[in-house]
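Asks: Provide a 3D model corresponding to the input given below.
(chains A and B)
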Number of protein chains: 2
Amino acid sequence: MNETLSLLMNHRSIRQFASDPIGEDKLHAIVAAGQMASSSSNVQAYSVIAVTEPGLKRRLAELAGNQAYVEQCPAFLVWCADLHRLHYCAELHAPGEATFEDSAENLLVATIDAALAAQNAAVAAESLGLGIVYIGGIRNRIAEVSELLGLPDRVYPAFGMCVGVPAQEPMLRPRLPLEAVLHRNRYDAGKTAGQVERYDETMSAYLRERTGGRQDTPWSKQMADRLAKPTRMHMKPFLEEKGFLRQ
Amino acid sequence: MNETLSLLMNHRSIRQFASDPIGEDKLHAIVAAGQMASSSSNVQAYSVIAVTEPGLKRRLAELAGNQAYVEQCPAFLVWCADLHRLHYCAELHAPGEATFEDSAENLLVATIDAALAAQNAAVAAESLGLGIVYIGGIRNRIAEVSELLGLPDRVYPAFGMCVGVPAQEPMLRPRLPLEAVLHRNRYDAGKTAGQVERYDETMSAYLRERTGGRQDTPWSKQMADRLAKPTRMHMKPFLEEKGFLRQ
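Replies: Numbering: from 1, shown residues only, chains lettered A, B, ... in the order given. Okay, the predicted model is just below:
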């Protein structure tokens, strides 16, 4: 196994960080690596905000559901799907003319661009000995997060990412069996039940070990509970208001 | 610069492949690395279909806008945002009960999960000496692609990825200036104009070099033209029909 594969296979999310800052050189290396990810037709429809001000991190930690590591990490990166820059280009060359920037297609393009860049950045950070955790919680109170960070129309914060020197070494979390996510030539819905059952056993064993036997809810039950709850139902109206997903 | 950073910084999309198959061991390594990417609350809401049947690749190449490399590559991976597996879990534990799986939030969760996994897989493939190119073109005729691959409700093909041994070595494509995508603590919309202007110069020079002077349309003009055209306007109704984005 080469060095890069070994790094990828050893990823775990880090939620405790040393106080060391990450330094301008490393931040540049991380974001530059993010930029080298593919982008749909080279639109590069994303931005990243490196939040290092303690007061701002503290407020974001609260808004993300009181996740202490958002405040504790030396740099909190907010990855945004960004059509603002493209809108600027349209206004530059065809001022006032109608565009189709607010389509569902462009929401996906910008969101996927942001995610590809972020994952490259995550791998780059880990290759430098840093640890990361993604924070979807910034979508909990997304309007307040957007205002706090001064996001213009056509930009939404897709997720955050804590970056810093790891101060813990968590267990690797087992993934679904490979054959649960990998299909050959056509989607095989017939294998879902068996694969979910296998993963339930794996995850319950993992949870028992990690919690000293206090927790072993099957994965499928956690997922069922999750789908049954209304989660971030404000996203659709929020995105529409910000200039996404109108058509 | 470490080996992984060097790999990330040297990414270029490959559109010509040798005829060598990629082999089961490498396919497994690539997908397993994809699985190790982070996933929102461990939902792992994605699947990947490895298409190797020549007739199927040929048809997908046509549906993606006659992109020959989709047929030529030994393995065409179709990365899907997948809520089918989670829906199965809900039905298993609370049959017939209402869920919120069709929210905009869950569309984003599944799309981001698919993109993070795909980018890890892309990095893994490149670390093994393979080349890749992302194919957004499978969204051109997404209903036909979905039917061809037998995708059930609550699964949509987000993008494809050609994988194979590279038979070309394209130039590195310059990205936006780092400061165009990286903001500090708050979004700085004031710098957009200057950064776009800088990148226009860079990209025009790159295009002139790559095309022997035949092409040098500024990037901002390409983006303006792109936004002015209706692109894949079927995505919103298609996603709604498939069980996404209804609330």
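
Asks: top helix in chain A by residue count?
Replies: The single longest helix within chain A, with elements called by DSSP state H, is helix A:104-127.

Asks: average pLDDT for that one?
Replies: The average pLDDT for helix A:104-127 rounds to 98.

Asks: between helix B:104-127 and that helix, find me the angle.
Replies: Angle of helix A:104-127 versus helix B:104-127, following axes from the mean of the first three to the mean of the last three Cα atoms, to 10 degrees, is 50 degrees.

Asks: immediately after helix A:104-127, which helix or strand?
Replies: With elements assigned by DSSP states H and E, the helix or strand that comes after helix A:104-127 is strand A:131-135.

Asks: can you pull the domain assignment for chain A?
Replies: Domain ranges of chain A: A:3-170+A:238-242, A:178-216, per automatic domain parsing.

Asks: most packed of the ones you listed?
Replies: Most buried of those, by mean neighbour count (mean count of other Cβ atoms under 10 Å in any protein chain shown): domain A:3-170+A:238-242, with a mean of 21. Backbone N, C-alpha and C define where each C-beta goes, glycine included.

Asks: ok now it, how far from the chain's centre?
Replies: The chain centre lies 7 Å from the centre of domain A:3-170+A:238-242; the measure is Cα atoms, centre = their mean, to the nearest Å.

Asks: residue ranges for the strands of chain A, please.
Replies: Secondary structure of chain A (DSSP state E): strands at A:46-51, A:75-82, A:131-135, A:155-164, A:182-184.

Asks: how about the shortest one and chain B, any contact?
Replies: Yes: part of strand A:182-184 sits near chain B under the criterion Cβ under 8 Å from any Cβ of the partner chain, namely A:Leu182, A:His183, A:Arg184.

Asks: what mean pLDDT does that strand have?
Replies: Rounded mean pLDDT across strand A:182-184 is 98.

Asks: which elements pack onto that strand?
Replies: Counting contacts by 3 or more Cβ pairs under 8 Å, 6 or more residues apart in numbering or on different chains; DSSP states H and E, strand A:182-184 is packed against strand B:46-51.

Asks: packing partners of the strand it packs on?
Replies: Against strand B:46-51 (3+ Cβ pairs under 8 Å, 6+ apart) you get helix A:178-181, strand A:182-184, helix B:24-35, strand B:75-82, helix B:104-127.

Asks: okay, the angle between the longest one and strand B:46-51?
Replies: Right, helix B:104-127. If you take the same axes, to 10 degrees, helix B:104-127 sits at 50 degrees to strand B:46-51.

Asks: just want the angle from helix B:104-127 to strand B:131-135.
Replies: Using the same axes, to 10 degrees: helix B:104-127 against strand B:131-135 is 160 degrees.

Asks: helix B:104-127 near chain A at all?
Replies: Yes: interface with chain A: helix B:104-127 contributes B:104-106, B:108-109, B:111-112, B:115-120, B:122-124, B:127 (Cβ under 8 Å from any Cβ).

Asks: for B:Arg208, find the nearest of the helices and strands packed on strand B:46-51.
Replies: For B:Arg208, the closest of these is helix B:104-127, at 27.8 Å, according to Cβ to Cβ.

Asks: could you export the closest one as PDB, CA atoms only?
Replies: What follows is helix B:104-127 as a C-alpha-only set of coordinates in PDB (Å, rounded to 0.1, in the frame of the first residue of the first chain):
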ATOM      1  CA  ALA B 104     -33.500  19.700   0.500                       C
ATOM      2  CA  GLU B 105     -31.200  19.100   3.500                       C
ATOM      3  CA  ASN B 106     -31.000  15.300   2.700                       C
ATOM      4  CA  LEU B 107     -30.400  16.000  -0.900                       C
ATOM      5  CA  LEU B 108     -27.300  18.100   0.100                       C
ATOM      6  CA  VAL B 109     -26.200  15.400   2.700                       C
ATOM      7  CA  ALA B 110     -26.300  12.700   0.100                       C
ATOM      8  CA  THR B 111     -24.700  14.800  -2.700                       C
ATOM      9  CA  ILE B 112     -21.900  15.900  -0.400                       C
ATOM     10  CA  ASP B 113     -21.300  12.300   0.900                       C
ATOM     11  CA  ALA B 114     -21.100  11.100  -2.700                       C
ATOM     12  CA  ALA B 115     -18.600  13.900  -3.600                       C
ATOM     13  CA  LEU B 116     -16.300  13.400  -0.600                       C
ATOM     14  CA  ALA B 117     -16.200   9.600  -1.300                       C
ATOM     15  CA  ALA B 118     -15.500  10.200  -5.000                       C
ATOM     16  CA  GLN B 119     -12.700  12.600  -4.400                       C
ATOM     17  CA  ASN B 120     -11.000  10.200  -2.000                       C
ATOM     18  CA  ALA B 121     -11.400   7.600  -4.700                       C
ATOM     19  CA  ALA B 122      -9.900   9.900  -7.300                       C
ATOM     20  CA  VAL B 123      -6.900  10.500  -5.100                       C
ATOM     21  CA  ALA B 124      -6.500   6.800  -4.500                       C
ATOM     22  CA  ALA B 125      -6.700   6.000  -8.200                       C
ATOM     23  CA  GLU B 126      -4.000   8.600  -9.000                       C
ATOM     24  CA  SER B 127      -1.800   7.200  -6.200                       C
END
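
Asks: correct me, but A:Leu86 touches A:Val43?
Replies: Yes: contact criterion Cβ atoms under 8 Å: A:Leu86 and A:Val43 qualify, at 6.2 Å.
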